[in-house]
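In: Make a model of this:
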Amino acid sequence: MLLCEVELCKNGSDEQDEWYFFSHKDKKYPTGTRTNRATKAGFWKATGRDKAIYCKHCLTGMRKTLVFYKGRAPNGQKSDWIMHEYRLESNENGTPQVINQLIIC
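Out: Sure thing, here's the model as predicted:
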């Protein structure tokens, strides 16, 4: 399950539309670990590095930023839609590991 925050970015505007929702995490291949982010209208592409989220110096989770592209890869057209995907993690033994399949988008 994913929790998602989606916003429409408008350059030079104070007003932004935001939505929050939960979504199931879909795999691209049944036996793989890659996430399927394709839709009928386009696809969500990850940008930059995942950002760590801390609570009192303890790693709580990670945030991934995705941008929506209309059409099919690699010829999709970038849109103004941005999604932040959140996931809970644990840093026991110094290695972050997913402790829950709940993702906030």
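In: Ramachandran coordinates for the nearest residue to Lys27 once chain neighbours are set aside?
Out: Sequence neighbours aside, Asn36 is the residue nearest to Lys27 in space, at 6.1 Å (criterion: Cβ to Cβ, 6 or more residues apart in numbering). Glycine gets a C-beta too; all of them are placed from N, C-alpha and C. Here is the backbone geometry of Asn36 (degrees, to the nearest 10): phi -90, psi 120.
In: residues touching Asn36, list them.
Out: Asp26, Lys27, Lys28 (Cβ atoms under 8 Å, 6 or more residues apart in numbering).
In: Just the pLDDT at the first one, thanks.
Out: Spelled out, that is Asp26. Predicted confidence (pLDDT) for Asp26: 78.
In: May I see the buried residues of the helix or strand harbouring Ala52?
Out: Using DSSP states H and E, Ala52 maps to strand 42-55. Going by neighbour count (16 or more other Cβ atoms under 10 Å), the buried part of strand 42-55 is Gly42, Phe43, Trp44.
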